[in-house]
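J.: Generate a structure from the sequence data that follows.
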Amino acid sequence: MVTIVLCVGRLAYGVITLVQRQAALMQAQTVQTLTYAAAINSDQAEAYARTLLALHTSDPVKREEYLTQVEDYSRQLSENLRNYRLAAGAADSPSLTLLDKLVVSRQKYVAIRSEVIALINQKQIPAAQQMADRQLWPTYQDYTAAGDALFANNVTVNQQRVEEIHRQIRLIKYATIGLCIFVFLAGATAPFLFLVGLERWVSGRANLDSGI
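T.: Predicted coordinates for the structure are as follows:
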């Protein structure tokens with residue numbers, strides 16, 4: 001009986017260890033996508049801020065520096081988008097759907113930003129400011145909202161996965177405890193039931209032999 005209980009305990013321990021390892025891998029993946037989503041949001045804000053700085057500065061050197069930084073953040077954001085898609089994997093369809101919406105929003109935003117930057121390079125600052133106020137800002141709001149939705153989704157997914165993992169571990173622990181108790185009770189009562197059955201069998205045989 002003790003051997004059986006130990007075997008059950010070892011089996012449960014192995015299952016829990018396996019679940020915990022899978023949980024660690026799953027959590028690492030979620031943290032990675034969450035990190036990329038945060039980086040995407042940061043790159044969005046930084047690139048937009050540099051665009052506004054280039055738009056409002058009167059120093060040509062600084063303007064050129066800001067525009068260069070816009071391109072740097074834009075390239076970095078493109079890389080983070082690719083990394084996010086790879087980290088999420090094909091199985092995470094809700095996140096990929098939000099990512100696709102973000103990409104579409106970004107394409108619209110970048111198209112307008114390119115026109116604003118072209119006007120800046122042509123020294124048509126008033127026209128660039130007007131376009132930035134009327135078109136770039138509303139488009140940026142949609143763009144950054146899509147980024148916020150992606151980040152919020154990853155936070156929610158992370159919480160749900162952690163809760164599900166903890167639930168599975170609790171179920172395994174409770175099932176193991178219940179099985180150990182059952183094995184213990186079965187082992188404790190088995191000799192008693194055996195003796196009762198044997199006594200009834202002996203009594204039955206005696207009754208048959210005596211002709212009763």
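J.: Quick check: buried residues in the one helix or strand residue 128 maps to?
T.: Per DSSP states H and E, residue 128 falls inside helix 125-131. Buried residues in helix 125-131, defined by neighbour count with 16 or more other C-beta atoms under 10 Å: 128-129, 131. (Each C-beta comes from the backbone N, C-alpha and C, glycine too.)
J.: Ok, stretch 139-153 next?
T.: Neighbour-count burial for stretch 139-153 [16+ other C-beta under 10 Å]: 139-140, 143-144, 146-147, 149-151, 153.
J.: closest to residue 58 among the residues you listed?
T.: The closest of those to residue 58 turns out to be residue 140 (C-beta to C-beta; 23.2 Å).
J.: Inside strands: which ones of the buried residues of stretch 139-153?
T.: Using DSSP state E, no member of the buried residues of stretch 139-153 falls in strands.
J.: Determine which two of those are furthest apart.
T.: Counting by C-beta to C-beta, the most remote pair of the buried residues of stretch 139-153 is 139 and 153, 21.6 Å apart.
J.: returning to what we had before: adding distance to residue 69 and pLDDT as columns, could you present the buried residues of helix 125-131 in JSON lines?
T.: Output for those, formatted as JSON lines (distance: C-beta to C-beta, whole Å; pLDDT from 0 to 100):
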{"residue": "128", "distance to residue 69": "17", "pLDDT": "95"}
{"residue": "129", "distance to residue 69": "19", "pLDDT": "94"}
{"residue": "131", "distance to residue 69": "20", "pLDDT": "96"}
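J.: any idea of the pLDDT on residue 34?
T.: Confidence at residue 34, expressed as pLDDT, is 85.
J.: Please verify my assumption that it contacts residue 150.
T.: No: if you go by C-beta atoms under 8 Å, residue 34 and residue 150 don't touch, sitting 9.8 Å apart.
J.: Return the residues in contact with residue 39.
T.: 76-77, 80 (C-beta atoms under 8 Å, 6 or more residues apart in numbering).
J.: Next, it: phi, psi?
T.: With angles defined as degrees, to the nearest 10, residue 39 sits at phi -70, psi -40.
J.: same question, residue 122
T.: Dihedral angles (degrees, to the nearest 10) for residue 122: phi -90, psi 10.
J.: How about residue 59?
T.: phi -90, psi 110.
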